[in-house]
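A.B. asks: Give me a model of this one.
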Amino acid sequence: MEIGLFLESTGLPTLDEAIDRAASAGITRVEMTTGGQADHPYLDLDRLLASEAARRELLTKLAGYGMRFSALNASAFPLHPRLGPAHAEVIRGTIRLAGLLGVDRVVVQSGVGGDAPGSGAPNWVVYSWPPEMLDIVRRQWDDCIALWRDLGADAIANGVTKLCFELHALNLAHNVPTLLHLREAVGEVIGVNFDPSHLMWQGMDIPACVRAFGPAIYHVHVKDVAMHPGNLALTGVLDSRPEVSFHERPWTFCTPGFGHDAIWWREFFVALNDVGYDDVASIENEDPYLPGFAGVERTIGFLRQVL
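C.D. replies: The predicted structure is shown next:
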């Protein structure tokens with residue numbers, strides 16, 4: 001298993017600084033974003049699509065540091081009633097760019113639509129009652145499958161064989177059954193970017209999920225979750241209060257080792273090995289207590305102990 005890094009999660013202001021710090025820490029595989037949900041992507045999608053020289057410069061820069069891509073990241077809201085068309089084009093452009101760069105994996109999210117035609121915002125239905133909620137979900141799935149059949153065909157045409165879905169809240173594909181449903185409907189171009197943190201807070205058995213996905217795991221993120229029992233006892237895991245700090249939440253993302261110990265993480269990597277995944281473990285740091293490169297460095301040291 002190779003330790004990689006989602007570069008934007010370093011919190012560093014420029015790509016050059018992020019690459020330099022990552023290389024100094026021994027990182028050889030990197031993931032970068034192109035837009036969508038990212039506020040400050042390191043990659044200029046339009047420029048790179050338009051300029052072969054810019055693409056060569058990027059690949060040469062990485063190679064000079066002994067690095068190569070593990071994936072491009074286009075996590076976006078492609079089914080959002082307002083943002084969806086623009087975000088779908090970001091994904092489509094990222095697929096094209098990946099093909100031009102010789103990268104066969106793009107990290108994405110399925111998205112979720114509104115609750116009716118003309119809606120202004122997405123509606124992630126988490127409870128199948130009253131009965132009309134099921135009608136909403138069925139329509140959302142019809143739209144989702146149609147979109148990803150189109151994007152999946154685009155991916156294959158561009159040499160991108162793996163669309164790696166992050167199973168994130170506010171997405172139709174957010175757990176094992178929903179991702180496998182999408183994969184069955186679209187084909188094997190659909191797989192998983194397995195980020196255990198998003199499944200941890202939902203109370204799922206992570207090694208069991210790994211084994212259920214098996215060869216559908218195409219890419220892996222490394223991120224932990226710390227549960228806060230005092231808060232959890234009063235809120236449950238679904239906490240939508242808008243003005244509450246992370247100190248008051250039932251759970252927070254954290255640096256590996258602070259939520260689950262080394263034994264837990266060894267078992268996670270054993271499960272990945274058991275299903276044949278021996279590729280990259282890409283660090284994504286979203287720890288509010290240890291943000292930026294400090295959390296990345298701590299994670300690198302931790303992974304070297306458990307891998």
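
A.B. asks: wait, is residue 113 part of a strand?
C.D. replies: No: counting by DSSP: H, G, I helix; E, B strand; the rest coil, residue 113 is located in no strand; its state is coil.

A.B. asks: Quick check, it in contact with residue 143.
C.D. replies: Yes: the pair residue 113 and residue 143 qualifies as a contact (C-beta atoms under 8 Å) at a distance of 5.2 Å. Backbone N, C-alpha and C define where each C-beta goes, glycine included.

A.B. asks: who touches both of the two?
C.D. replies: residue 79 (C-beta atoms under 8 Å, 6 or more residues apart in numbering).

A.B. asks: for the chain, which helix is longest?
C.D. replies: The helix spanning the most residues in the chain, taking DSSP state H as the definition, is helix 132-157.

A.B. asks: quick revisit: neighbour count winner among residue 113 and residue 143?
C.D. replies: residue 113 (27 against 17; other C-beta atoms under 10 Å).

A.B. asks: which residues of this structure fall in helices?
C.D. replies: 15-24, 45-50, 52-64, 84-101, 132-157, 176-186, 196-200, 206-213, 229-235, 262-274, 292-306.

A.B. asks: what's the closest of these to residue 283?
C.D. replies: helix 292-306 (4.9 Å; C-beta to C-beta).

A.B. asks: packing partners for the closest one?
C.D. replies: Helices and strands touching helix 292-306, by 3 or more C-beta pairs under 8 Å, 6 or more residues apart in numbering; DSSP states H and E, are strand 2-6, helix 262-274, strand 280-283.

A.B. asks: ok, back up a step: give me the angle between the longest helix of the chain and helix 84-101.
C.D. replies: On the basis of axes from the mean of the first three to the mean of the last three C-alpha atoms, to 10 degrees, helix 132-157 is oriented at 30 degrees to helix 84-101.

A.B. asks: List the buried residues for helix 132-157?
C.D. replies: 136-137, 140-141, 143-145, 147-149, 151-152, 154-156 (16 or more other C-beta atoms under 10 Å).

A.B. asks: closest to residue 163 among those?
C.D. replies: The shortest approach to residue 163 among the buried residues of helix 132-157 belongs to residue 155, at 5.5 Å (C-beta to C-beta).

A.B. asks: Excluding chain neighbours, give the residue nearest to the closest one in space.
C.D. replies: Closest residue in space to residue 155, ignoring its immediate chain neighbours: residue 95 at 5.0 Å, by C-beta to C-beta, 6 or more residues apart in numbering.

A.B. asks: Need the pLDDT of that neighbour.
C.D. replies: Here, the pLDDT recorded for residue 95 equals 98.

A.B. asks: First-to-last residue distance for stretch 101-108?
C.D. replies: Using C-alpha to C-alpha, to the nearest Å, the end-to-end distance of stretch 101-108 comes out at 18 Å.

A.B. asks: list the helices and strands the longest helix of the chain packs on?
C.D. replies: Counting by 3+ C-beta pairs under 8 Å, 6+ apart, helix 132-157 packs on helix 84-101, strand 162-166, helix 176-186.

A.B. asks: possible to save these as a markdown table with distance to residue 306 and mean neighbour count?
C.D. replies: What follows is these, written out as a markdown table (distance: least, C-beta to C-beta, whole Å; neighbours: other C-beta atoms under 10 Å):
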| stretch | distance to residue 306 | mean neighbour count |
| --- | --- | --- |
| helix 84-101 | 30 | 20 |
| strand 162-166 | 22 | 26 |
| helix 176-186 | 24 | 18 |
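
A.B. asks: Right, I'll leave it there.
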